[in-house]
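# whatever this is, show me its structure:
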Amino acid sequence: MKTYKNIGFGPRTSKKGFTLIELLIVMVILAILAGVIVMAVGGVFGSAKSAAYDGVSSQVGTAVGAYAANADHAGSYPIGGAATGVDITDVNGATVNGSSLYLIDFSLLLTSEEGMFRTVPDGTLAIAGAANDNCDIGTDIGGCLNTSHYVWVVDNTTGVTYSYCVGATCLYNGVQTNNRSGYMNVWP
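Residues are numbered from 1 along each chain as shown. A predicted model of the protein is given here:
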């Protein structure tokens, strides 16, 4: 039977591996570096959603402008029903009177000669069974009671597009709001 003279206790006679202390120190250093990286990258995901909203908002505005600029449409906007009685407060605090706001009919932007959209943009409220929908075209914004989506409107006097978030999950700077144009921490 073999006897084991050194089973890990006492002085080391060989330097072929790392000691437990050395391994623990390296693991602690790696954990600290991983924590720093996670903290640095963690804020990127929220800003990515905000940037995606800005991109969609810009696309909607461009599409509405291109539609109105087309000679076939004679300066009219791709609107469905009137969004009456709902004021939009933009991120700067300016209020737009709801009587001039109209729901954008995305089906006109999908089928128009400009071909601005192949599908309804992400973040736009689409009712099941109506792929080209922007909150049941022809109804008031007040009837768009779904969460985590934006309803897009255009000011019929200026041509400026606005988003309108509906539902309890629409937060702007941590405060629940349903009438502010801008990214509201909501993205489906």
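# so for Ser57, what's the nearest residue that isn't a sequence neighbour?
Nearest-residue entry for Ser57: Ser163, 6.3 Å, with adjacent residues in sequence omitted and distances by Cβ to Cβ, 6 or more residues apart in numbering. The way it works is simple: take the backbone N, C-alpha and C, and place the C-beta from them, glycine included.
# low pLDDT regions in the protein?
Under the criterion pLDDT under 70, the flagged ranges of the chain are 1-15, 42-46, 81-85, 111-115, 125-148, 168, 188.
# which stretches of it form helices?
With DSSP state H applied, the chain shows helices at 20-69, 106-111, listed in chain order.
# of those, flag the one that's most buried.
Ranked by average neighbour count under the criterion mean count of other Cβ atoms under 10 Å, the helices of the chain are headed by helix 106-111 at a mean of 19.
# Ser181: what's it in contact with?
Taking Cβ atoms under 8 Å, 6 or more residues apart in numbering as the criterion, Ser181 is in contact with Ile88, Thr89, Asp90, Val91, Tyr162, Ser163, Tyr164.
# ok, now Lys49?
Tyr183, Asn185, Trp187.
# show me which of the residues you listed is closest to Ser99.
Checking the contacts of Lys49 against Ser99 with Cβ to Cβ, the nearest one is Tyr183 at 25.6 Å.
# just to revisit the earlier point, tell me the spacing between the residue nearest to Ser57 and Gly35.
With the distance defined as Cβ to Cβ, to the nearest Å, Ser163 ends up 36 Å from Gly35.
# go on, Ile21?
For Ile21, the distance to Gly35 under the criterion Cβ to Cβ works out to 21 Å.
# of the contacts of Lys49, which is the most crowded?
Among the contacts of Lys49, Tyr183 has the most neighbours (other Cβ atoms under 10 Å), with 23 neighbours.
# OK, contacts around that residue?
Residues counted as contacts of Tyr183 (Cβ under 8 Å, 6+ apart) are Lys49, Ser50, Tyr53, Asp54.
# before we move on, the earlier item: residues touching the residue nearest to Ser57, list them.
Tyr53, Ser57, Val60, Gly123, Tyr150, Val151, Trp152, Val153, Ser181, Gly182.
# can you redo the residues you listed as CSV with distance to Tyr77?
Shown next, in CSV, are the contacts of Ser163 (distance: Cβ to Cβ, whole Å):
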residue, distance to Tyr77
Tyr53, 21
Ser57, 16
Val60, 12
Gly123, 20
Tyr150, 18
Val151, 15
Trp152, 11
Val153, 10
Ser181, 16
Gly182, 21
